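Student: build me a model from this:
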Amino acid sequence: MHSITKGLLAGAAGTLALDLVSYGDMLLRGRAASTVPAQVAGRLAGRAGVPLGQGEERENRSQAAGALMGYATGIGAGVVYGLLRLRRRPLPVLVAGPLLGAAVMAGANAPATALRLTDPGSWDLASWVSDIVPHLVYGLTTAAAYHAMR
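Tutor: Here you go, the predicted model:
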């Protein structure tokens, strides 16, 4: 199997794991889903001149676009990981996992921070944990899945 395909599949597994942890946390704590991905998608669509409609239609499309951007980030990071593995000696899963998780967390939060929709400097401990843990699970799952397909 080609390393890009392995990376895509590993990234998809990691993204599923991230979603399971995030939705599990929402279920356990009764917290709402973040509105930030939808806000990012709405702002980016506006800047790109892509019409999303009005009112509820716009909100629904922004939510869908935000979720799809998350999938693209997770799967895309898996593909990049696969490409990097072509040229480099493999890192142990317990090293690669946190690095992947941190990279995807940065990739997910950078647009929201740049658009001034969030300020990680103002987050409380619960907000940091709610962001770090799912991304760490993403990274560990992605690295382990890729390793399993070697």
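Student: what helix or strand does R43 sit in?
Tutor: Using DSSP states H and E, R43 sits within helix 36-48.
Student: which elements pack onto the helix or strand that comes right after that helix?
Tutor: Counting by DSSP H and E, the next helix or strand C-terminal to helix 36-48 is helix 55-87. For helix 55-87, the helices and strands in contact under the criterion 3 or more C-beta pairs under 8 Å, 6 or more residues apart in numbering; DSSP states H and E are helix 3-29, helix 36-48, helix 93-114, helix 125-148. The C-beta positions use only the backbone N, C-alpha and C, and glycine is treated the same way.
Student: among the ones you listed, which is nearest G76?
Tutor: Taking C-beta to C-beta, helix 3-29 is the member of these nearest to G76, at 6.9 Å.
Student: how far off centre is the closest one?
Tutor: 8 Å (C-alpha atoms, centre = their mean, to the nearest Å).
Student: just checking, what packs against it?
Tutor: Using 3+ C-beta pairs under 8 Å, 6+ apart, helix 3-29 is in contact with helix 55-87, helix 125-148.
Student: what comes up buried for that helix?
Tutor: 3, 6-15, 17-19, 21-22, 25 (16 or more other C-beta atoms under 10 Å).
Student: next, the angle from that helix to helix 55-87.
Tutor: Interaxial angle, helix 3-29 versus helix 55-87 (axes from the mean of the first three to the mean of the last three C-alpha atoms, to 10 degrees): 130 degrees.
Student: contact partners for R43?
Tutor: L115, L117 (C-beta atoms under 8 Å, 6 or more residues apart in numbering).
Student: just the helices and strands packed on helix 3-29: most buried one?
Tutor: Each of these was scored by mean neighbour count; the highest is helix 125-148, a mean of 19, by mean count of other C-beta atoms under 10 Å.
Student: alpha carbons only: can I get that one in CSV?
Tutor: C-alpha atoms of helix 125-148 as CSV (Å, rounded to 0.1, in the frame of the first residue of the first chain):
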residue,chain,number,x,y,z
LEU,A,125,-8.0,24.9,32.0
ALA,A,126,-11.2,23.1,31.0
SER,A,127,-11.0,24.7,27.5
TRP,A,128,-7.4,23.6,27.1
VAL,A,129,-8.1,20.1,28.2
SER,A,130,-11.1,19.9,25.9
ASP,A,131,-8.8,20.8,23.0
ILE,A,132,-5.6,19.0,23.9
VAL,A,133,-7.0,15.6,24.8
PRO,A,134,-8.9,14.9,21.5
HIS,A,135,-6.0,16.1,19.5
LEU,A,136,-3.6,13.9,21.4
VAL,A,137,-5.9,11.0,20.8
TYR,A,138,-6.0,12.0,17.1
GLY,A,139,-2.2,11.9,16.9
LEU,A,140,-1.7,8.6,18.8
THR,A,141,-4.4,6.9,16.7
THR,A,142,-3.1,8.3,13.4
ALA,A,143,0.5,7.2,14.2
ALA,A,144,-0.6,3.8,15.5
ALA,A,145,-2.8,3.2,12.5
TYR,A,146,0.0,4.1,10.1
HIS,A,147,2.4,1.9,12.0
ALA,A,148,0.0,-1.0,11.9
